[in-house]
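>>> no FASTA, just this:
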């Protein structure tokens, strides 16, 4: 009885290792003709080095007042009481104290808006 158990365990272990190897080999090489195939570690995404963290996000509109807080220019949203730092203060310095609409991308990890455009709200 013990002999059958050992043989069965060795057989199951061998089959498990062999099947895991074939599964890994299938995942490592996505089909060349599949346009939805995800890049793997051996196939880095194109232009990955050039992509910024915010480039994958689409531009959004933020409204609020441009204020200077803690020595930095910020967009303060009075409705939600949230302040966003702007990445380029030279773009917003002429709007200090004014109600504006800023179009840009938000880096949510640092709460910084990359400003694309800004307009005064009348």
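Everything's here; your move. Model, not experiment: these values are computed from the prediction.

>>> alpha carbons only for contacts and neighbour counts from here, please
Noted.

>>> next structured bit after the lowest-mean-pLDDT helix or strand in the chain?
Sorting the helices and strands of the chain by mean pLDDT, DSSP states H and E puts helix 2-28 at the bottom, at a mean of 61. Following helix 2-28 in sequence order, the next helix or strand is strand 60-69 (DSSP states H and E).

>>> which elements pack onto that next one?
Using 3 or more Cα pairs under 8 Å, 6 or more residues apart in numbering; DSSP states H and E as the contact test, the elements touching strand 60-69 are strand 72-77, strand 99-107.

>>> how about 10 Å then?
strand 72-77, strand 82-86, strand 99-107, strand 112-120 (3 or more Cα pairs under 10 Å, 6 or more residues apart in numbering; DSSP states H and E).

>>> mind putting these into a markdown table with distance to residue 65 and mean pLDDT?
Formatted as a markdown table, the helices and strands packed on strand 60-69 follow (distance: least, Cα to Cα, whole Å; pLDDT from 0 to 100):
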| stretch | distance to residue 65 | mean pLDDT |
| --- | --- | --- |
| strand 72-77 | 5 | 92 |
| strand 82-86 | 9 | 92 |
| strand 99-107 | 4 | 94 |
| strand 112-120 | 10 | 93 |
